[in-house]
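S.K.: I'd like to go over a predicted model; first the sequence, then the structure.
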Amino acid sequence: EEKLNLDDSQWEDIHVVTGALKMFFRELPEPLFPYCSFEQFVEAIKIQDNTTRIKTIRNLVKKLPRPNYDTMKILFEHLQKIAAKESVNLMSTQSLGIVFGPTLLRPEKETGNMAVHMLYQNQIVELMLSEYSKIFG
């Protein structure tokens, strides 16, 4: 319900916009990748065969609730555009995975595997960006 003036100069700083986007996703009652699917995505990213890994991730994405799927598709399309301009903004798919992985995908309860989970979270986002057309096409 808050009224925002997007013409305000504070929104010219890309870090403010990115921070606001990350905060929006972080403060959702449940992450964009629902808690119940966390372990399935982690198991999928561990698959050695790249074709099978992509197919499994695509199938998991298609099973998501429609609002999650639609939001994810638009977000990843946008992040893919950012990665395409890596030479200017220094944001590769790997960097975007590091920035957005833990925000979009996390377990309901943190365990001692936090560092391992972070690696998988980053890899999942990175794969979904690099294989966007195969996953969402």
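M.R.: Received the coordinates, thanks. All of these numbers come straight from a predicted model, not from anything done at the bench.
S.K.: now the chain, which segments are flagged as low pLDDT?
M.R.: Where the chain drops to pLDDT under 70, the residues are 1-2, 10-11, 112.
S.K.: residue 117 against residue 106, yeah?
M.R.: Yes - assessed by CB atoms under 8 Å, residue 117 is found in contact with residue 106 at 7.4 Å. Bear in mind the C-beta positions are built from the backbone N, C-alpha and C, glycine included.
S.K.: OK, contacts around residue 80?
M.R.: 129, 132 (CB atoms under 8 Å, 6 or more residues apart in numbering).
S.K.: burial measure for residue 27, as a count.
M.R.: In terms of burial, residue 27 registers 8 neighbours under the definition other CB atoms under 10 Å.
S.K.: typo on my end, it should be residue 103
M.R.: 19.
S.K.: and the one helix or strand it maps to, what does it pack onto?
M.R.: Using DSSP states H and E, residue 103 sits within helix 93-104. Applying 3 or more CB pairs under 8 Å, 6 or more residues apart in numbering; DSSP states H and E, one finds that helix 93-104 makes contact with helix 14-26, helix 66-84, helix 114-130.
S.K.: can I get the longest one as PDB, trimmed to CA atoms?
M.R.: This file holds the C-alpha atoms of helix 66-84, laid out as PDB (Å, rounded to 0.1, in the frame of the first residue of the first chain):
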ATOM      1  CA  ARG A  66       1.600 -21.000 -11.100                       C
ATOM      2  CA  PRO A  67       2.400 -17.700  -9.300                       C
ATOM      3  CA  ASN A  68       5.900 -19.000  -8.400                       C
ATOM      4  CA  TYR A  69       6.500 -20.200 -11.900                       C
ATOM      5  CA  ASP A  70       5.400 -17.000 -13.600                       C
ATOM      6  CA  THR A  71       7.400 -14.800 -11.200                       C
ATOM      7  CA  MET A  72      10.400 -17.100 -11.600                       C
ATOM      8  CA  LYS A  73      10.200 -17.000 -15.400                       C
ATOM      9  CA  ILE A  74      10.100 -13.100 -15.500                       C
ATOM     10  CA  LEU A  75      12.800 -12.700 -12.900                       C
ATOM     11  CA  PHE A  76      15.200 -15.200 -14.600                       C
ATOM     12  CA  GLU A  77      14.500 -13.600 -17.900                       C
ATOM     13  CA  HIS A  78      15.500 -10.200 -16.400                       C
ATOM     14  CA  LEU A  79      18.600 -11.700 -14.700                       C
ATOM     15  CA  GLN A  80      19.600 -13.300 -17.900                       C
ATOM     16  CA  LYS A  81      19.600  -9.900 -19.600                       C
ATOM     17  CA  ILE A  82      21.800  -8.600 -16.800                       C
ATOM     18  CA  ALA A  83      24.300 -11.500 -17.300                       C
ATOM     19  CA  ALA A  84      24.300 -10.700 -21.000                       C
END
